[in-house]
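# Generate coordinates for the sequence data below:
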Amino acid sequence: MKFTVRRLGIALAIGCALMGGGCAPPQEHLFIAGERTPAPGASQVDMLVATTRLPSPVPGEMFGADRGEPGFAQIAISIPPDHKTGQVEWPRQVPADPERSFALVKAEMLSRHSILATFQNRLAKGQTRSVLVFVHGFNNTFEDAVFRFAQIVHDSGTDDVPVLFTWPSAGKLLAYGYDRDSSTYSRDGLERTLDYLVADKSVGEISILAHSMGNWVTLEALRQMAIRNRSISPKIKNVMLADADVDIDVFRTQVNAMGPSRPAFTVFIDDDDKALAVAKILWGSKARLGDFNPNAEPYKAFMEQNRINIVNMTDIRTNGWIDHGVYADSPRIIREIGQQLVSSQALKDQRVSPIDSLNLATVGVVSQLTGLNLASPR
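Below you'll find the model as predicted:
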């Protein structure tokens, strides 16, 4: 009984810290009609959006936390000239100041027919036939997801067509159960989105980057695809799982259900991830995929047999103490991901700077992370 109370106390303490210095932007309802012109020297990220969120009646919110049928949009975000890699300069006023913060340039809801036509046009005009799909995690509003993905696309330097899949997270720390159900609710929506991309003949390769609870949505969608189609399309080449809030034993069953014809998986782990520590307490889980011990059995053998690559981010330090977003907060990590998205060179141990204290644990491959070889055909 004392142990249970102590664990609950730890969870509440961390929860209070998260509430005091969490990930939510200081200003909400940013998607208003008064769009901004990018500042001189600013960059711009244009993304397409697929969502299972219901359109919001709240002015400036665009999509809220309620569940709905699949919806679509196109959004453009400007990045300020003095942007620092690994950070999101959140707007502190409405409309945003594009000189100092991320700012909305364009936001338009689209029909399914319109989004497909827009996507086709984007591929025809672009320099790549590759697509990067991002699936956000727990406690993310629509605004959180859009601004974080814009930062990832910009900081990684990728020219892949960015597609955001956003599911109806409540964006509230104490809505963990609602978010978990919403993520499960959204697995069909993500599967359909991936089906659209696979069926498009102009698409060359598809990479997926998932964070936190978004890994559950991603793995369930891929598992369903494998069962429904008897395999996963070879177009889906690489799946990156960061800070995965998924029980590791469940992950093993999901991978087994996908069969041998599956994407290359790279798992980003962090033993200091305090958000996952809370998740283990809530679920009574021995290990989450995002913080398991890669040298412990039977996990080590499973990863080796299935050639699943591990990137251990435990020693990397960023500005926050929660350590539940190192993959995007660390300039080194996000740049390395980007290099693999734009080149055919594999990430090797010796290329990593000791300044960042990056501990790369390669599983199934002696010296290279083939799961991060995300190059598109040129």
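# Show me the helices in the chain, by range?
2-20, 112-125, 142-156, 176-185, 187-199, 214-229, 248-258, 274-283, 299-305, 326-329, 331-342 (DSSP state H).
# mind checking which of those helices is nearest residue 41?
Closest approach to residue 41 among these is made by helix 142-156 (13.3 Å; CB to CB). C-beta: built from backbone N, CA, C; applies to glycine.
# for the closest one, which positions count as buried?
By neighbour count with 16 or more other CB atoms under 10 Å, helix 142-156 contains the buried residues 142-156.
# quick one on the thing from earlier: make a markdown table out of the helices of the chain and add distance to residue 47 and mean pLDDT.
Listed next are the helices of the chain as a markdown table, based on distance: least, CB to CB, whole Å; pLDDT from 0 to 100:
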| stretch | distance to residue 47 | mean pLDDT |
| --- | --- | --- |
| helix 2-20 | 27 | 43 |
| helix 112-125 | 10 | 91 |
| helix 142-156 | 6 | 94 |
| helix 176-185 | 20 | 95 |
| helix 187-199 | 13 | 97 |
| helix 214-229 | 16 | 97 |
| helix 248-258 | 27 | 96 |
| helix 274-283 | 25 | 69 |
| helix 299-305 | 32 | 95 |
| helix 326-329 | 15 | 64 |
| helix 331-342 | 15 | 70 |
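# Mind checking the ones you listed for the one nearest to residue 97?
helix 142-156 (14.4 Å).
# and the angle for that closest one with helix 214-229?
With axes from the mean of the first three to the mean of the last three CA atoms, to 10 degrees as the basis, helix 142-156 and helix 214-229 are set at 90 degrees to each other.
# For helix 142-156, which helices and strands make contact with it?
Helix 142-156 makes packing contacts with strand 43-55, strand 63-79, strand 130-135, strand 161-166, helix 326-329, helix 331-342 when contacts are defined by 3 or more CB pairs under 8 Å, 6 or more residues apart in numbering; DSSP states H and E.
# what's next to the fourth one, contact-wise?
Meaning strand 161-166. 45-53, 63, 75, 119, 122-123, 126, 128, 130-136, 140, 142, 145-146, 149, 153, 186, 189-190, 193, 197, 217 (CB atoms under 8 Å, 6 or more residues apart in numbering).
# at 6 Å instead, please
47-51, 122, 131-135, 142, 145, 149, 153, 190, 193 (CB atoms under 6 Å, 6 or more residues apart in numbering).
# got a list of what residue 70 touches?
Residue 70 touches residue 189, counting by CB under 6 Å, 6+ apart.
# actually residue 216, not the one I typed
Residue 216 neighbours (CB under 6 Å, 6+ apart): 183, 246.
# ok, now residue 38?
Contacts of residue 38 (CB under 6 Å, 6+ apart): 44, 78, 98.
# what does residue 223 give?
So residue 223 contacts 254, 257 (CB under 6 Å, 6+ apart).
# In this structure residue 198 contacts residue 232, no?
No - in this structure, residue 198 is not within contact of residue 232 by CB atoms under 6 Å, at 9.0 Å.
# which of those two has more neighbours?
Neighbours per residue, other CB atoms under 10 Å: of residue 198 and residue 232, the larger number sits with residue 232, 21 against 18.
# next one: phi and psi at that one?
phi -100, psi 130 (degrees, to the nearest 10).
# From residue 254, how far out is it?
As judged by CB to CB, to the nearest Å, residue 232 and residue 254 stand 12 Å apart.
# Quick one: closest of the helices of the chain to residue 291.
Per CB to CB, nearest to residue 291 of these: helix 274-283, 4.7 Å.
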